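Undergrad: From the sequence below, what's the structure:
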Amino acid sequence: MTAIIEAIYGFLWNDLFTITLGQTKIGIPFLVLLLIPTGVYFTVRTRFMPIRKLPDMIRALGEKRDDKSSLSAFQTLIVSTATRVGMGNLVGVVAAISFGGAGAVFWMWLSALLGASTAYAEGTLAQLHKKKDKLYGGYHGGPAYYIHDFVEQKRKKPIKKSVLAILFAFFGLLCWCGISQVISNSVTSAFDNAFSIPPIYTTVVLVALAAVIVLRKNATVKFLDVIVPIMAVLYFVITIFIILKNITLMPSVFKRIFEEAFGLRQIAGGGFGAVLMNGVKRGLFSNEAGSGSAPCAAAAAEGKSPEAIGMVQSLGVLIDTIVICTCTAMIILLVPGNVVGSLQGMELLQTAMNYHLGPGGTVFIAVILFLFSFSTFIGILFYARSNVSYICGENWLSQNIYKVVALVMLFVGGLRSFTVVWDLGDVGIGLMTIINLIVLIPMSKETIPLLDKNKKSVRHKK
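TA: You can find the predicted model right below:
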């Protein structure tokens, strides 16, 4: 089983083939081969929607809901941001810069602009094909549901279940269980380094807090409504303080980003491929556009139009990568090279924060990692609701069983790291992405025309 998981992981995430341009070699993973062309397709078809519709995205956040049991547009942004803003914004960005240099930051920005258009398409589809949620109230849905409707349309007859939709839902649940272990392991390691707290104590507190929230019917969104804005604003404010403190260095930092993104030195040395692909891969992994995760939040919203909720999800991609990931990049790039040396991973980030803020910087990173990671866990269990319902039907037994399994994984991960489980999470999100993209482009005829139509949208009804 381990060999199978590792083989699938390698196919999805390792280089499928290599393009050679002079001395430059660019390795192309299978998922990048799928996601980047999809992003380009939707960016062109929507006529560069993330740029021209940015004011509309912001206005959509203020849309009111008629059904108080459903989520508002702003709440869907909060939930999707909770899952997008996680370890990828910290460790992932550090890895991109460590292996790809400062130029990787530019390619992360570009991947976000492309991914934002994809996020609009899947968020709007989730709204068009959402269903009433008999257990939690309001609505639920996501790719499993619009895949189901897509298959029905193709077969031209009602079906009870779609194999493709079941596979998507199953791989999603598999992915989120794997991520649960990664989350707890990262948090316990950070607290051990910062406060010398044994992992068992951190794990018990982490699992107890999570259980109190996720095992209560409507506590999840209420918790995220409070914690996500706090953690995002706190991280942003601290970064602004660091930038202002080093404001004279900012021109050189941006010069370095653009020079290394396109610089002749990287191309001549054959390092351009590493710069490009590290930025692209980390950007795609962080913002999750195209994976089919965030549409589970989009489906739960009640808005005036499906496209407005889709634009809110597009805005979430920009917030994740353009804002939060850039914060981490600035924290690292504003540190002299002789201070960080060859450090990598969390040690690099903690050293950078220690340089900027003194010993309190290490503590801050441990706390912010806890907030980012914990909110991700709460958010993915919100996503899991609709996938569990699609596979098992709407009943509390299956809902609670999955929550307990996820809590067990959270506990196990806090005490020990299992590489195969981490790979399982990456395999799950990769397979989700493939299935989601199979229907996303064919169904784009439902989403793209809505962008520039003034007439009232018509929802899909079943």
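Undergrad: now what about stretch 406-420, what contacts it?
TA: 2, 5-6, 176-178, 180-185, 187-188, 199-200, 202-204, 206-207, 210-211, 214, 377, 380-381, 384, 421 (C-beta atoms under 8 Å, 6 or more residues apart in numbering). The C-beta positions use only the backbone N, C-alpha and C, and glycine is treated the same way.
Undergrad: Which secondary structure element of the protein has the lowest mean pLDDT?
TA: helix 264-268 (a mean of 48; mean pLDDT, DSSP states H and E).
Undergrad: quick one, strands of the protein?
TA: Using DSSP state E, the strands assigned to the chain run over residues 15-21, 24-29, 131-132, 139-140.
Undergrad: Comparing those, which comes out most buried?
TA: Of all the strands of the chain, strand 139-140 has the most neighbours on average by mean count of other C-beta atoms under 10 Å, namely a mean of 25.
Undergrad: So what touches that strand?
TA: With C-beta under 8 Å, 6+ apart, strand 139-140 has contacts from 70, 130-133, 296, 299-302, 385-386, 389.
Undergrad: And those residues, which is closest to L244?
TA: The shortest gap between L244 and any of the contacts of strand 139-140 belongs to A301, at 36.3 Å (C-beta to C-beta).
Undergrad: What's the local residue count around the closest one?
TA: In terms of burial, A301 registers 30 neighbours under the definition other C-beta atoms under 10 Å.
Undergrad: wait, isn't it in contact with G310?
TA: No: no contact is recorded between A301 and G310 when judged using C-beta atoms under 8 Å, the distance being 10.0 Å.
Undergrad: shared neighbours of the two, which are they?
TA: Q127.
Undergrad: before we move on, the earlier item: helices - which of the contacts of strand 139-140 land there?
TA: Assigned to helices by DSSP state H, the following of the contacts of strand 139-140 qualify: C296, R385, S386, S389.
Undergrad: could you dump the residues you listed to a markdown table with pLDDT and distance to R52?
TA: Rendered in a markdown table, the data for the ones in helices among the contacts of strand 139-140 read as follows (pLDDT from 0 to 100; distance: C-beta to C-beta, whole Å):
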| residue | pLDDT | distance to R52 |
| --- | --- | --- |
| C296 | 89 | 27 |
| R385 | 90 | 34 |
| S386 | 92 | 31 |
| S389 | 93 | 36 |
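Undergrad: From those, pick the one nearest D426.
TA: Looking at these and their distance to D426, the nearest is C296, at 18.8 Å (C-beta to C-beta).
Undergrad: Which residues are in contact with the closest one?
TA: Shown here is C296, whose contacts under the criterion C-beta under 8 Å, 6+ apart are A126, H140, G141, G142, P143, F382, Y383, R385, S386, N387.
Undergrad: and if we set it to 10 Å?
TA: For C296, the residues meeting the contact criterion (C-beta atoms under 10 Å, 6 or more residues apart in numbering) are 76, 79-80, 83, 126, 140-145, 169, 172, 379-380, 382-387.
Undergrad: Ok, V312 next?
TA: Applying C-beta under 10 Å, 6+ apart, one finds that V312 lies in contact with 56-58, 60-61, 63, 72-77, 80, 119-120, 123, 294, 297-298, 301, 303.
Undergrad: what ranges do the helices span in the stretch 101-250 of the chain?
TA: If DSSP state H, counting those that start in this stretch is used as the criterion, the helices of the stretch 101-250 of the chain fall at 103-128, 143-155, 163-195, 199-214, 219-245, 250-262.
Undergrad: Could you point out which of those helices sits nearest N395?
TA: Using C-beta to C-beta as the criterion, the shortest distance between N395 and these is 15.1 Å, found for helix 163-195.
Undergrad: What is the neighbour count of the spatially closest residue to G178 that is not a sequence neighbour?
TA: Of all residues not flanking G178 in the chain, G425 sits nearest, at 2.6 Å (C-beta to C-beta, 6 or more residues apart in numbering). Other residues near G425 number 21, with proximity taken as other C-beta under 10 Å.
Undergrad: Might you report the residue contacts of G425?
TA: Neighbour list for G425: Y9, L174, C175, W176, C177, G178, I179, S180, Q181, V182, I183, M409 [criterion: C-beta under 10 Å, 6+ apart].
Undergrad: Tabulate the ones in helices among the contacts of strand 139-140 (a markdown table), appending distance to W396.
TA: A markdown table is the format used below for the ones in helices among the contacts of strand 139-140 (distance: C-beta to C-beta, whole Å):
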| residue | distance to W396 |
| --- | --- |
| C296 | 19 |
| R385 | 11 |
| S386 | 15 |
| S389 | 11 |
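Undergrad: pLDDT weak spots in the stretch 251-400 of the chain?
TA: Counting by pLDDT under 70, the stretch 251-400 of the chain shows low-confidence ranges at 263-286.
Undergrad: Is there a neighbour count for the closest residue to F364 other than its chain neighbours? I'd like the number.
TA: Computed as C-beta to C-beta, 6+ apart, the closest residue to F364 that is not its neighbour in sequence is M353, at 6.0 Å. Neighbour count of M353, defined by other C-beta under 10 Å: 24.
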